[in-house]
Structure formats: C-alpha cells, structure tokens
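1. need a 3D model of the sequence below.
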Amino acid sequence: MKPIVSKRHAGICTIIALVIGLILTILGYGYHYNWQGLTGGKDLEAYRVASGICITVAFSFTILGACCILQVALHGRKPRDEMEL
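-> Numbers count the residues shown, from 1 in each chain. I've put the predicted structure just below:
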C-alpha cells in the first residue's frame with residue numbers, strides 16, 4: 001500500500017488535527033458546564049446543543065489525525081523485497 005500524501009504534509013495534518021480536536025474538546029466542555037466567559041446567557045439547552053456539536057467535530061478531527069498518523073507510518077514501512085525474515 002502506497003502513501004497518499006507526503007510525510008511532511010501528513011505530519012503537519014496530524015499536528016493541526018489533534019490541536020483543533022483538543023481546542024474543540026475544551027470548548028465543548030465549557031459549553032456543557034455553562035462557563036460564563038463562553039456563554040454569558042441563560043439558554044442552557046442551546047449550550048448543551050453547542051457542546052454536543054463541538055464534541056462531535058472534535059471526535060471527527062481526532063479520526064482525521066489518526067488517519068494522518070497512519071500515512072506517516074506508511075512512509076516508514078520497508079518494501080517487501082527489503083524485509084528480513
């Protein structure tokens with residue numbers, strides 16, 4: 001199996017996806033527990049919905065980061081003719 005993107009791009013994609021996932025997880029946590037700095041209002045149901053959206057998107061970015069990690073791992077793999085038994 002050949003890598004789809006270069007090792008450099010896959011590494012950058014990994015870092016960006018995992019950082020965005022972390023930021024969205026923190027925002028989702030803040031919305032869920034009604035942090036006054038984030039919410040500033042009284043509509044708790046809307047903040048629960050926003051929390052769910054942030055957590056779902058963070059999970060999606062984490063899956064993207066895992067796929068990018070697999071691309072980096074494919075670059076480190078040796079071809080079959082170079083493998084030692």
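2. please count neighbours and contacts with C-alpha atoms only from this point.
-> Fine.
3. for the protein, give me the ranges with low pLDDT.
-> 36, 38-39, 78-85 (pLDDT under 70).
4. helices of that one, start to end?
-> Secondary structure of the chain by DSSP state H: the helices cover 7-32, 44-76.
5. could you measure from residue 75 over to residue 5?
-> With distances taken as CA to CA, to the nearest Å, residue 75 is found 9 Å from residue 5.
6. quick revisit: could the helices of the chain go into TSV alongside distance to residue 1?
-> Output for the helices of the chain, formatted as TSV (distance: least, CA to CA, whole Å):
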stretch	distance to residue 1
helix 7-32	15
helix 44-76	8
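7. CSV for the ones you listed, including mean neighbour count?
-> Converted to CSV, these look like this (neighbours: other CA atoms under 10 Å):
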stretch, mean neighbour count
helix 7-32, 18
helix 44-76, 17
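8. ok, the nearest residue to residue 44 once chain neighbours are set aside to residue 77 distance?
-> Distances taken as CA to CA, 6 or more residues apart in numbering place residue 34 nearest to residue 44, at 7.3 Å, with adjacent residues excluded. Using CA to CA, one gets 47 Å for the distance from residue 34 to residue 77.
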